[in-house]
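Trainee: model the structure of this input:
(one chain, ligands or ions: 1)
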Amino acid sequence: MLEEPILSVKNLSKQFGDGCRRCSDPSTRDLIKNYCPSCGMVFACRDISLDLYPGEILGVVGESGSGKSSLMKCLYFDSDVTSGELYLQDEEFYGQNLWTLSAQKKRYIRNHKYGMVYQNPVHGLKMDFTSIGNIAEKLIAAGNRNVDNMKMVGEKLLDTVHIPLFRMKEEPRNFSGGMQQRVQIAKALSNNPPVLFLDEVTTGLDLSVQADVLDLIKRIQREFGISMIVVSHDLAVIRMLADRTIVMLNGEVIENGLTDQILEDPIHPYTQTLVYSLL
Ligand SMILES: Nc1ncnc2c1ncn2[C@@H]1O[C@H](COP(=O)(O)OP(=O)(O)OP(=O)(O)O)[C@@H](O)[C@H]1O
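Mentor: Have a look, this model is predicted:
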């Protein structure tokens, strides 16, 4: 593992609501978990810092409402942050806090440096485009114009994720949930991104289909060497995929470390409950 992280988050906070006197002053803050009972303000993410290293999978695990999706949305610029810094190890953006960039530059980063796989394929795919057309859409967004080249890349990626090529002209709406996720993964890989985000990508799939998708993600890590952040409420998924893991509760990181170490010796009582539920 290289020493410099490919992606670095410093002190990310994401709050919904402006806050009031009761919750705005850190020294007298009076919250129920991450919620202010006086004004309804919610801290979805509180002072989160993390580093993603080249080639690794970082898992983010936590119960519903712990702030995992908000973290992911901030990283992918789907949502504005309240405060914090985000750095990408990249010549073009070195040393720049990505959250302060213009909307146009953020779009550029999404198109050229990032891949995203959503829990719900409807968010990542155009259901009325063909499967190969979905990949072409992302390639065009990343500046590609050569049709033969796009076709070649599309076929190769669909083959990589085991979509039979005779079905490449079918719309993903005709596919099973597992196949839709595989097309989403192919699309997310098409701009050759150094960083891939996966948000609850196996939730709702049958167990055998889940296993196929998880195997595919591991294979992609091995073959492409992409750094990934994988969000899941399911520690079993994180155990299969992640080299390192952060555990979130009420918008905060309560534990982080090597996944094996967290599984063998969980320190926080919430993490202990998560781990024991796997036994
Ligand atoms: N648009 C919003 N407006 C107000 N509160 C929100 C909004 N989005 C999220 N929240 C709150 O922020 C907190 C974190 O939500 P978030 O969706 O990030 O959690 P999560 O861990 O991803 O949960 P889930 O897996 O159920 O989506 C929750 O208390 C949620 O109610």
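
Trainee: quick check: residues of the stretch 151-279 of the chain near the ligand?
Mentor: By Cβ under 6 Å from any ligand atom, the residues of the stretch 151-279 of the chain that approach the ligand are His233. C-beta coordinates here come from the backbone N, C-alpha and C atoms, glycine included.

Trainee: correction: the stretch 1-150 of the chain
Mentor: Near the ligand, when you scan the stretch 1-150 of the chain using Cβ under 6 Å from any ligand atom, you find 16, 42, 44, 62, 64-70.

Trainee: and these, which of them are buried?
Mentor: Burial by neighbour count, judged by 16 or more other Cβ atoms under 10 Å, picks out 42, 44, 62, 65-70 from those.

Trainee: could you work out the end-to-end span of stretch 82-97 for me?
Mentor: Taking Cα to Cα, to the nearest Å, stretch 82-97 runs 14 Å from one end to the other.

Trainee: now swap in stretch 72-80 and tell me
Mentor: Start-to-end, stretch 72-80 (Cα to Cα) is 11 Å.

Trainee: excluding its backbone neighbours, what's nearest Lys169?
Mentor: Distances taken as Cβ to Cβ, 6 or more residues apart in numbering place Thr130 nearest to Lys169, at 4.7 Å, with adjacent residues excluded.

Trainee: quick check on that neighbour: phi, psi?
Mentor: phi -70, psi 170 (degrees, to the nearest 10).

Trainee: how about Gly67?
Mentor: Dihedral angles (degrees, to the nearest 10) for Gly67: phi 110, psi 10.

Trainee: same thing with the one 10 residues further on?
Mentor: The phi and psi values for Phe77, taken as degrees, to the nearest 10, are phi 60, psi 20.

Trainee: same check, this time on Gly62
Mentor: According to degrees, to the nearest 10, Gly62 has phi 170, psi 160.

Trainee: show me what contacts it?
Mentor: Neighbour list for Gly62: 68, 233, 247-249 [criterion: Cβ atoms under 8 Å, 6 or more residues apart in numbering].
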